[in-house]
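Colleague: Here's my sequence, what's the structure:
(one chain, ligands or ions: 1)
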Amino acid sequence: MRFLSAINSPADLRQLKVEDLQGVADEVRQFIIDTCSRIGGHTGASLGAVELAVAMHYVFDTPNDKLVWDVGHQAYAHKILTGRRDQLPTIKQPGGLSGFLRRDESEYDTFGAGHASTSISAGLGMAIARDRKGEDFHVCALIGDSSLAGGMAMEAINQAGHLKSRLIVLLNDNEMSIAPAVGALSRYLGRIKEAQSYQHLKEDIGDALESVPGIGGSLRRAAKSLKDAIAAAVLPGALVNELGFKYIGYVDGHNVAQLVAALEEAKRVDDGPVIVHALTTKGKGFPNPEKNYYAYHATGPFDPKTGLPYKSGKVAPPTYTEVFGRTLCELMARDERIIALTAAMPDGTGIDKALERFPERSFDVGIAEQHAITFCAGMACEGLKPVAAIYSTFLQRAFDQVIHDVCLQNLDVTFAMDRAGIVGADGPTHHGLQDIAYLRSYPNIILMAPKDEGEMRDMLRTAIEYPGPAALRYPRGSGFGVDIEREPARLEIGKAEVLREGHDVAILAYGEMVYPAIEAGENLAGEGVSATVVNARFVKPLDEELITEIARSHRLIVKAEDAYLAGGFGSAVLELLEAKGLADRIRVVRLGVTDEIVTHGDPKVLLAQYGLCADGIAAKALETLQVMDSPRLDSQRIRAVK
Ligand SMILES: Cc1ncc(C[n+]2csc(CCOP(=O)(O)OP(=O)(O)O)c2C)c(N)n1
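Modeller: Numbering: from 1, shown residues only. Okay, here's the model as predicted:
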C-alpha cells in the first residue's frame, strides 16, 4: 500500500497532491475487497462510494467541516480514511466496528445512521446551528438516489431551499437502491443525465467565448447567465431551480479529480444550498462484473478473484422470508383482492416472488414506508387486501400512518414484519425490538408471532382473512424445517396453544421464544418442576381465558419475548391480571430485553444475555421458585435491594 499505510487521518490525506488521490482510491477499493471477501459486508454499496469518500475528506476540513452520511452502509472508505483502517476487518463482527455510523465510534461520524433519508435533515440542522452560533464550517450531506426519494429527504429539501442556509448535498446516483431504483424521481435523474451532451456543449461554448481576444471574459459572463437560463429550461429543473438549490453536475463519481473540482465549486456557493450530482456504479471494481450487480449491495464472504460466494456446505431449512414470499403467492393466486407491497426491499422481504408472478398487483414503492402504509389504507378503503411486508425496524418510520390511517379507520391491511427481534450484525438501528409495544398500544389491530415457519403460513392466512388491521412478526434467518406443504390453517383469533401441561410454573412464550420454552419445560421436568408451556400466538388479543385459568392454577408465570420489556407481551399479561383482579394471586417474572441499546452481535448470544434461551428460562423459573419457597431469603433479598 503505497499511500494507505501512511493515511491515519484525513489530515494525512490532505497532504497529498490531487494527482495522487486516484491511487489512494484504488488502494482503498482493494482494501475493501480484501476485507469483505473474508467477512462479507456492504461490499457493493461501499465500493461505489470510494472516490466520493476520498474527495470529500480531501476537500473538506473534517472533522471541523461536517460530513453527514445517509444510511451509512456505504461508508467503509470513510471508516478507512478516518483512522479505522486496521479495525475494518472487525466490521459488523461481535465487539467490532458498527456496519453503519455511530457518533460514539468516531468524531468523524457526525450523525448516527442506519435508516435511510435522514442526512439532509440532519445536515440542515447542523448548518442552521452553525449560522446561529456565528461559526464557519461546511456541511456536506451524502445521499443515494433512492434515499433522496424518501419522504424525509424531500421534506428537508423543501425547507433547505426556503431557508437558504449554506448546505452541500452530494448525490451518489448509481440508479440503484438495494434493487433497481424505482419511481418518478429516478426517471427525473435519468433525464438530467440525458442532458449530458447539452452540458458539454455549454462548456465548449464557454471556452470558445473566453478565447475571443479582449472581450472574452465579459462574453463568458454574459453567456453564463444565458447558460443558467437555458439550464433552467433544458434540465428538468424542479429540484434544481424551483426548490432553491444550485446544481453542479453531473460528474463522474469515480474520477477523484472531477469530484474535487466539483466540491470546491460547491464550497464557493455562499448563498444557499447546492447539490453536486455524482454518477457512480454500485459494486465498482467488484471481481466478476458480469454477475448480476444487484447482488453486490451487500455480500457474504466471496472469492476475491472470481467474486463468487463461498458455499457454506450446510443445507439450511428455508428462511422465514422465503416461506413468506411463497405463501403470499399461494394466497394471491386464490384471491385477486390481495396486493403485495414492499418499500425498497423486494428480495429482503420475499415480495420479489409476488413482483415476478403478479406484477399488476405488486408494488415496490421505494424507500417510502410512510407512503406505503397510507397507500395500503387507500386501497383497503376500496376493498382491496394489501399486505405490506416491511422490516420491523423500518415500520417504525410509519408509526403514525399505521395508527392514524389504518388502525383508527379499522382498515383491512396486513403488516408482515420481517427481521423482528434481535437481527444480529446490523445492530441497534436494525433490531426489531419495539414492534410489540408500539402496535399493541392502539385499538383495532391484532398482533401475532409464529413459533415456526409453518405457523407463519397459518398466521399470514389468518391476518389476510381478518377484516381489519393485522400484524405478524417473524425473525431473520432460517425456520425449523417444519412441514410447509400443508394447507395454511385459519387460526382462531386470540387463542393460544398449550404445548405442555403442568401445575407449578407456566411458561408463556411468544414467537421465537416458543421452542426454547418447550426445551425449558423439559429441563424443568428433569428438576422435578412441573411446567405448563404455552405458545401465546397472539399478544393482541391475549387468550384471556387461558391466562386467567393459569393464574388460578399455577404459582408462577415465566414469560419470554424477544423484544423490549417495556410495553411488550409481558406488560400485556400483567395488565390482564390486574384487570381481572388476579395480580396478587400469581407471581409473574418477565424475560425480555431491558431498557438499553442492544449492540450488534450473534443473536443467540445477545438473547442469552437476557435469559432468552432454554437454559435462561429454566434457570429463571427455578431461581424464582426457590425464592418463593424461602420467604426469609426473599425478604433478605428485598432488604439488600433496598
Ligand atoms: C427507512 C429505511 N428503509 C429501508 C432501508 C434499507 N436500505 C438500506 S440501504 C438501501 C438502499 C439505499 O439506496 P441508495 O440511497 O440509492 O444508496 P446506495 O445503496 O445505492 O448507495 C435500503 C433500501 C433503510 N436503511 N432505511
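Colleague: contacts and neighbour counts: CA atoms only from here.
Modeller: Will do.
Colleague: Any buried residues in the longest helix seen in the chain, and which?
Modeller: Counting by DSSP state H, the longest helix found in the chain is helix 18-39. Neighbour counts over helix 18-39 (16 or more other CA atoms under 10 Å) mark 18, 21-39 as buried.
Colleague: Name the residues that touch that helix?
Modeller: Helix 18-39 is contacted from outside by 1, 3-4, 42-43, 46-47, 50-51, 54-55, 76-77, 80, 88-89, 255-257, 285-286, 299-304, using CA atoms under 8 Å, 6 or more residues apart in numbering.
Colleague: are any of those buried, and which?
Modeller: Buried residues within the contacts of helix 18-39, defined by neighbour count using 16+ other CA under 10 Å: 3-4, 42-43, 46-47, 50-51, 54-55, 76-77, 80, 88-89, 255-257, 286, 299-304.
Colleague: Can you pick out the ones from the residues you listed that are in helices?
Modeller: Checked against DSSP H, these include these in helices: 43, 46-47, 50-51, 54-55, 76-77, 256-257.
Colleague: And those, which is closest to Glu487?
Modeller: Thr43 (39.7 Å; CA to CA).
Colleague: is it true that that closest one touches Thr299?
Modeller: Yes: Thr43 lies in contact with Thr299 (CA atoms under 8 Å); the separation is 6.0 Å.
Colleague: Look up the closest residue to the residue in the stretch 401-550 of the chain positioned nearest to the ligand, ignoring the ones flanking it.
Modeller: The ligand sits closest to His430 of the stretch 401-550 of the chain, with a gap of 8.2 Å, by CA to the nearest ligand atom. Closest residue to His430 apart from its sequence neighbours, by CA to CA, 6 or more residues apart in numbering: Thr393 at 5.6 Å.
Colleague: Just the element for the one you found, please.
Modeller: Element membership for Thr393, per DSSP states H and E: helix 392-395.
Colleague: Is the ligand within reach of that helix?
Modeller: Yes: Helix 392-395 lies within reach of the ligand by CA under 6 Å from any ligand atom, at Phe394.
Colleague: what residues does that helix touch?
Modeller: Under CA under 8 Å, 6+ apart, the answer for helix 392-395 is 115, 369, 417-420, 429-435, 473.
Colleague: how near is the single nearest residue of the stretch 501-642 of the chain relative to the ligand to Cys407?
Modeller: Going by CA to the nearest ligand atom, the ligand is nearest to His600 of the stretch 501-642 of the chain, at 15.5 Å. Between His600 and Cys407 the computed distance is 32 Å (CA to CA, to the nearest Å).
Colleague: isn't Tyr108 right up against Thr82?
Modeller: Yes: between Tyr108 and Thr82 there is a contact at 6.8 Å, judged by CA under 8 Å.
Colleague: neighbours of Asp335, just the number please.
Modeller: 12 (other CA atoms under 10 Å).
Colleague: ugh, wrong one, Leu124
Modeller: 25.
Colleague: Now the longest strand seen in the chain - C-alpha only, CSV.
Modeller: When the chain is parsed with DSSP state E, its longest strand is strand 556-564. What follows is strand 556-564, C-alpha atoms only, in CSV (Å, rounded to 0.1, in the frame of the first residue of the first chain):
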residue,chain,number,x,y,z
LEU,A,556,-45.6,-18.8,38.8
ILE,A,557,-45.7,-17.4,35.3
VAL,A,558,-42.4,-17.0,33.4
LYS,A,559,-42.9,-15.0,30.2
ALA,A,560,-40.4,-14.8,27.4
GLU,A,561,-40.3,-12.5,24.4
ASP,A,562,-37.5,-11.3,22.1
ALA,A,563,-38.5,-7.6,22.4
TYR,A,564,-38.2,-4.7,24.8
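Colleague: neighbouring contacts of it?
Modeller: With CA under 8 Å, 6+ apart as the test, strand 556-564 has contacts from 421-422, 432-437, 504-513, 517, 551, 568-570, 586-595, 607, 612, 617, 620-621, 625.
Colleague: Go ahead and measure how far it is from the middle of the chain.
Modeller: Counting by CA atoms, centre = their mean, to the nearest Å, strand 556-564 is centred 26 Å from the centre of its parent chain.
Colleague: tell me the mean pLDDT for it?
Modeller: Taken as a whole, strand 556-564 carries a mean pLDDT of 98.
Colleague: Just the buried ones from the contacts of helix 392-395?
Modeller: Applying 16+ other CA under 10 Å to the contacts of helix 392-395, the neighbour count classes 115, 369, 417-420, 429-435, 473 as buried.
Colleague: so after the helix holding Thr393, what's the next helix or strand?
Modeller: Moving toward the C-terminus from helix 392-395, the next helix or strand (DSSP H and E) is helix 399-400.
Colleague: Nearest to the ligand within the stretch 151-300 of the chain, name that residue for me.
Modeller: For the stretch 151-300 of the chain, CA to the nearest ligand atom, closest residue to the ligand: Ser177, 3.5 Å.
Colleague: Would you mind listing what in the stretch 1-150 of the chain touches the ligand?
Modeller: Residues of the stretch 1-150 of the chain lying near the ligand (CA under 6 Å from any ligand atom): 45, 71, 74, 114-116, 143-147.
Colleague: Low-confidence regions, the stretch 251-400 of the chain specifically.
Modeller: Applying pLDDT under 70 to the stretch 251-400 of the chain flags residues 289-295.
Colleague: What about Pro603, how many residues nearby?
Modeller: Neighbours around Pro603, by other CA under 10 Å: 18.
Colleague: Where do the helices of the stretch 101-250 of the chain begin and end?
Modeller: Applying DSSP state H, counting those that start in this stretch to the stretch 101-250 of the chain gives helices spanning 119-133, 145-148, 151-163, 184-194, 196-210, 216-234.
Colleague: and the fourth one, what other elements does it pack with?
Modeller: In terms of contacts (3 or more CA pairs under 8 Å, 6 or more residues apart in numbering; DSSP states H and E), helix 184-194 is not packed against any helix or strand.
Colleague: let's see 10 Å
Modeller: helix 145-148, strand 167-173, strand 246-252, strand 273-279 (3 or more CA pairs under 10 Å, 6 or more residues apart in numbering; DSSP states H and E).
Colleague: do the first one as well
Modeller: Contacts defined by 3+ CA pairs under 10 Å, 6+ apart place helix 119-133 against strand 66-69, strand 139-144, helix 145-148, helix 151-163, strand 167-173.
Colleague: Parallel or antiparallel, list what pairs with the longest strand of the chain.
Modeller: Strands flanking strand 556-564 in the sheet, each with its direction: strand 505-509 (parallel), strand 587-593 (parallel) (DSSP bridges).
Colleague: For Pro63, find the nearest of those.
Modeller: Short answer: strand 587-593, nearest of the strands paired with strand 556-564 by CA to CA, at 35.2 Å.
Colleague: Could I get the CA-only coordinates of that closest one as CSV?
Modeller: Only the C-alpha atoms of strand 587-593 are listed here, as CSV (Å, rounded to 0.1, in the frame of the first residue of the first chain):
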residue,chain,number,x,y,z
ARG,A,587,-46.0,-14.3,40.7
VAL,A,588,-45.0,-13.1,37.2
VAL,A,589,-41.4,-12.8,36.0
ARG,A,590,-40.8,-11.3,32.6
LEU,A,591,-37.9,-12.2,30.4
GLY,A,592,-37.2,-9.8,27.6
VAL,A,593,-34.8,-7.0,26.6
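Colleague: ok, of the contacts of strand 556-564, which come out buried?
Modeller: Among the contacts of strand 556-564, those buried by neighbour count (16+ other CA under 10 Å) are 421-422, 432-437, 504-513, 517, 551, 568-570, 586-593, 607, 612, 617, 620-621, 625.
Colleague: follow-up on the earlier one: closest to the ligand out of the ones in helices among the buried ones among the contacts of helix 18-39?
Modeller: Of these, the one sitting nearest to the ligand (CA to the nearest ligand atom) turns out to be Ser46, at 7.3 Å.
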